[in-house]
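Asker: Can you look at this prediction? I've put the sequence above it.
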Amino acid sequence: MDRLQIAAGWTPARLDSLRAEMARNDLDGFIIPRWDAHQSEYVVIADERLAWATGFSGTWGLAVVTLDRAAVFVDGRYTVQAAAEVSTAHFELKHLYDEPVERWLARTAAKGEVYGYDPMILNPIVHAQIEPTIIEQGASLRAISPNPIDRAWSDRPDTPIKPAFPFPAARSGETSLVKRHRLAERLSTARTDLLVETQTDNIAWLLNWRGDEVPDNPIVQAFMLVDATGAVDLFVDARKLGNDGAAFELEGVTLHEPSAFLERLSQRLKGGDRVSMDPKFSPVGAATAAREAGAVVLIEPDPLTALKAVKNPVELAGLRAASKRDSIAWVRFLAWLDAKVASAPISELEAEEEILRYRRELEHFVSPSFRTIAGADANGAMCHYNAPADGGAMIQRDSLFLIDSGGQYLDGTTDTTRTVCFDAPSAIWRKHYTLVLKGHIRLATLRFPDGTRGYQIDAFAREALWAHGLDYDHGTGHGVGHFLSVHEHPQRIGKDPVMTSITAGMTLTNEPGYYEAGRYGIRIENLCEVVEDGDGFIRLRDMTLVPLDRRLIDLELLTEQERAWVDGYHARVRSELADLIADPLAKDWLIANTAPL
């Protein structure tokens, strides 16, 4: 069973079961975030509570269920998908930011009502967002455990227990002890006594381990406390470490069972201790436990997240190598796709399976980095669409096809999107594709001061679209981990004012897009590293080396400099990949599709 199957199996009976559990717990409403106890968008099947309760299969969102009303809140990536998946007879559909949950609660909550939440899943920022509104209405918020959904979900699967494996310094670039000393220096400088860490990619990075518990994410589910000396309390099922854990870098690490996390947090604290927790990526239950112990709780960006974001030379070399190998799989796939669709339609699922087949032949390949988004025509307008088990739509010669796909390799994580056609494209396709391309080029050629924030450069990627009254409702770039999460925090390019400074050594995607609901979607995405460019300036350098679809480019919309960029990019792709591709069909395709405009 996967997330799509759980969502597709939704019936009103699930809502009835949840409401019965709410009534047994004297709750008038219940908050259902998409994430898990690690505040991750990538979760095990047992934590797909939002999909089970609502039928929405996306990886980001929130729902509120009361005894007689319910609403699902999603961001711009999922508005079309939610409308297709969620029963509007049972749920109101709201935009997570344009129509936020607190606005809905202001109209719904009533005096004396009690709204429940799982304290290990709700984060401090959402708790702070909704609590004032609840109180203003004369209602109250109450932490509740176990989660009522877990009781209502009669066939909920068990959480998997899979072994962790070491990720030595030869691959990571630093020992765990060195990383912990660097983190301890930051904590000491900030006068922080204890860091609460529940983000599994942060823990994997710091402890130099990886795992296989969450699909397509090489992490180990665990919790961690780190003090200003670098000493670690690690909360992990001991079965994941083998008989004695000797293979892991556990000097200065004390092991505990995960169930002891909040109790140990309380034991570690004394009045006045300063405890740091991330506003988005920590459980509000930890903040409550720390305050009850008399600590000063600092709700602030996680310093470990910031450390992990700036890659060391070994990590960067690995990411470059993984991206080049992954680009070979892309070239072979796109050559196959062109030839295949020219003779007969194929399904979206067949395309997804084929690019995976090429990746499996590559050195160091472990898994996809996320479920491939393969959307033909109208399905391409759903930014995070996944083909169903029946194969999905057919990709035909007159289709516009969007595919967003990446791989997990022992030396890096990749993420690339291409939009392609097969016959002569319509003028409107070419116009919209070229406007997206202009935004992509604008960001790819931008030189900006070291320390610039992502929201300060986001408009450059949208300028060409804006000039034609068009836009897209998702971010322009996200971080990517080193054999870790394909969506890595805190670096980001988008409209929202994320305060993280962009600096050399970070990785970011460059992915503007445009979507016509019910018709097609267009996105062009490359993975880039942030590199120094002299005089205190930085820029993005492409690690993805995959040809663009020249058929979709309207040359009249490109400036001379933009045409030169396309030709230069294609020349680099051809130069770096041609000798690495043995398949004659793929090599001929590469040469033809990187010819000068």
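Answerer: Perfect, I can see it now.

Asker: Taking the centroid of the chain, which residue is nearest it?
Answerer: The C-alpha lying nearest the average C-alpha coordinate of the chain belongs to His487 (C-alpha atoms, centre = their mean; 3.3 Å).

Asker: who's in contact with the nearest residue to it once chain neighbours are set aside?
Answerer: What sits nearest to His487 in space, not counting adjacent residues and going by C-beta to C-beta, 6 or more residues apart in numbering, is His478, at 5.3 Å. No exception for glycine: its C-beta is placed from N, CA and C like everyone else's. Contacts here follow C-beta atoms under 8 Å, 6 or more residues apart in numbering; on that basis His478 touches 487-488, 491-493, 508-509.

Asker: Off-centre distance for the strand or helix carrying His478?
Answerer: Element membership for His478 (DSSP states H and E) is strand 477-479. For strand 477-479, the separation from the chain centroid amounts to 9 Å (computed by C-alpha atoms, centre = their mean, to the nearest Å).

Asker: measure the residue nearest to the centre of the chain to Ile502 for me?
Answerer: Going from His487 to Ile502 by C-beta to C-beta, to the nearest Å gives 16 Å.

Asker: ditto for Phe483
Answerer: Phe483 is 22 Å from Ile502, by C-beta to C-beta.

Asker: Apart from its chain neighbours, what residue comes closest to Asp75?
Answerer: Distances taken as C-beta to C-beta, 6+ apart put Leu96 closest to Asp75, at 4.7 Å, once the chain neighbours are dropped.

Asker: how many neighbours does Pro163 have?
Answerer: Pro163 has 12 neighbours, counted by other C-beta atoms under 10 Å.

Asker: what does Ala170 give?
Answerer: Considering only other C-beta under 10 Å, Ala170 is surrounded by 7 other residues.

Asker: what does the one 3 residues further on give?
Answerer: A count of neighbours around Gly173, defined by other C-beta under 10 Å, yields 18.

Asker: so who does it touch?
Answerer: By C-beta under 8 Å, 6+ apart, the contact list for Gly173 reads 312-315.

Asker: Look up phi and psi at it.
Answerer: Dihedral angles of Gly173 (phi, psi; degrees, to the nearest 10) stand at phi 90, psi -10.

Asker: Packing partners of the biggest helix by length in the chain?
Answerer: When the chain is parsed with DSSP state H, its longest helix is helix 313-343. On a contact count with 3 or more C-beta pairs under 8 Å, 6 or more residues apart in numbering; DSSP states H and E, helix 313-343 meets helix 169-172, helix 348-360, strand 407-409, strand 412-413, strand 416-421, strand 526-532, helix 560-577, helix 584-593.

Asker: Show me what the fifth one is packed against.
Answerer: Contact here means 3+ C-beta pairs under 8 Å, 6+ apart; on that basis strand 416-421 packs against helix 313-343, strand 400-405, helix 427-444, strand 520-523.

Asker: let's see it at 10 Å
Answerer: helix 313-343, strand 400-405, helix 427-444, strand 513-516, strand 520-523, strand 526-532 (3 or more C-beta pairs under 10 Å, 6 or more residues apart in numbering; DSSP states H and E).

Asker: what separates the last one from the chain centre, distance-wise?
Answerer: Computed by C-alpha atoms, centre = their mean, the chain-centroid distance of strand 526-532 equals 18 Å.

Asker: For the helix or strand that that strand is followed by, the averaged confidence score.
Answerer: Later in the chain than strand 526-532, the nearest helix or strand by DSSP H and E is strand 537-542. Averaging pLDDT along strand 537-542 yields 98.

Asker: how about strand 537-542: buried residues?
Answerer: 538-540, 542 (16 or more other C-beta atoms under 10 Å).

Asker: returning to what we had before: the strand holding His478 pairs with which strands, and in what direction?
Answerer: Looking at strand 477-479 with DSSP bridges, its partner strands are strand 488-493 (antiparallel).

Asker: I'd like the next helix or strand past the partner strand.
Answerer: Going down the chain from strand 488-493, the next helix or strand is strand 507-510, by DSSP H and E.

Asker: Okay, now the sheet partners of that next one, with direction.
Answerer: strand 526-532 (antiparallel).

Asker: tell me which residues in the strand it pairs with are buried?
Answerer: Neighbour-count burial for strand 526-532 [16+ other C-beta under 10 Å]: 526-530.

Asker: mind putting those residues in a markdown table, distance to Pro449 included?
Answerer: Shown next, in a markdown table, are these (distance: C-beta to C-beta, whole Å):
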| residue | distance to Pro449 |
| --- | --- |
| Asn526 | 22 |
| Leu527 | 22 |
| Cys528 | 17 |
| Glu529 | 17 |
| Val530 | 12 |
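
Asker: Sort out which one of those lies nearest Thr413 for me.
Answerer: Set against Thr413, the nearest of the buried residues of strand 526-532 by C-beta to C-beta is Leu527 (8.5 Å).

Asker: one step back: residue contacts, the residue nearest to the centre of the chain?
Answerer: Going by C-beta atoms under 10 Å, 6 or more residues apart in numbering, His487 touches 40-42, 59-60, 201, 217, 369-370, 413, 415, 475, 478-481, 509.

Asker: Return a ChimeraX selection command for the buried portion of the residues you listed.
Answerer: Buried residues among the contacts of His487 (16+ other C-beta under 10 Å), as a ChimeraX selection:
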select :40,42,59,60,201,217,369,370,413,415,475,478,479,480,481,509
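
Asker: Name all residues that make contact with Tyr514.
Answerer: Tyr514 neighbours (C-beta under 10 Å, 6+ apart): 381, 419, 431-433, 435-436, 439, 462, 465, 468, 470-472, 520-524.

Asker: Likewise for Lys431?
Answerer: So Lys431 contacts 425, 468, 470, 514, 552, 554, 556-557 (C-beta under 10 Å, 6+ apart).

Asker: ok, now how distant is it from Glu556?
Answerer: Separation of Lys431 from Glu556 (C-beta to C-beta): 10 Å.

Asker: same deal with Thr189?
Answerer: From Thr189 across to Glu556, the span is 55 Å (C-beta to C-beta).

Asker: show me the contacts for His489.
Answerer: Counting by C-beta under 10 Å, 6+ apart, His489 has contacts 199, 201-202, 278, 280-281, 301-302, 305-306, 308-309, 478-479, 481, 498, 500.

Asker: hmm, 7 Å instead?
Answerer: Each residue near His489 by C-beta atoms under 7 Å, 6 or more residues apart in numbering is listed here: 305, 479.

Asker: Distance check, it against Gly391.
Answerer: From His489 over to Gly391 the distance is 34 Å, taken as C-beta to C-beta.

Asker: how about Gly375, phi and psi?
Answerer: phi -120, psi 110.

Asker: ok, it - how many residues close by?
Answerer: The burial count for Gly375: 31, using other C-beta under 10 Å.

Asker: Looking at strand pairing, list the partners for it.
Answerer: Beta bridges link Gly375 to Leu402, judged by DSSP bridges.

Asker: Is it in contact with Leu402, as I believe?
Answerer: Yes - here Gly375 reaches Leu402: they are 4.9 Å apart, a contact under C-beta atoms under 7 Å.

Asker: any common contacting residues for these two?
Answerer: Gly521.

Asker: Quick one, which of the contacts of His478 are buried?
Answerer: Buried subset of those (neighbour count, 16+ other C-beta under 10 Å): 487-488, 491-493, 508-509.

Asker: any idea which of those is closest to Ala222?
Answerer: Glu488 (18.0 Å).

Asker: Tell me what the closest one is bridged to.
Answerer: Gly479.

Asker: what's near enough to touch it?
Answerer: By C-beta under 7 Å, 6+ apart, the residues touching Glu488 are 201, 309, 479-481.

Asker: could you dump these to TSV with distance to Asn386 and pLDDT?
Answerer: Shown next, in TSV, are the contacts of Glu488 (distance: C-beta to C-beta, whole Å; pLDDT from 0 to 100):
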residue	distance to Asn386	pLDDT
Asp201	22	98
Ala309	28	98
Gly479	22	98
Val480	20	98
Gly481	21	98
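
Asker: quick one: which of those is nearest to Ala106?
Answerer: Gly479 (34.3 Å).

Asker: Would you agree Met224 is in contact with Ala231?
Answerer: No - in this structure Met224 lies outside contact range of Ala231 using C-beta under 7 Å: 10.9 Å.

Asker: Kind regards, and thank you for your time.
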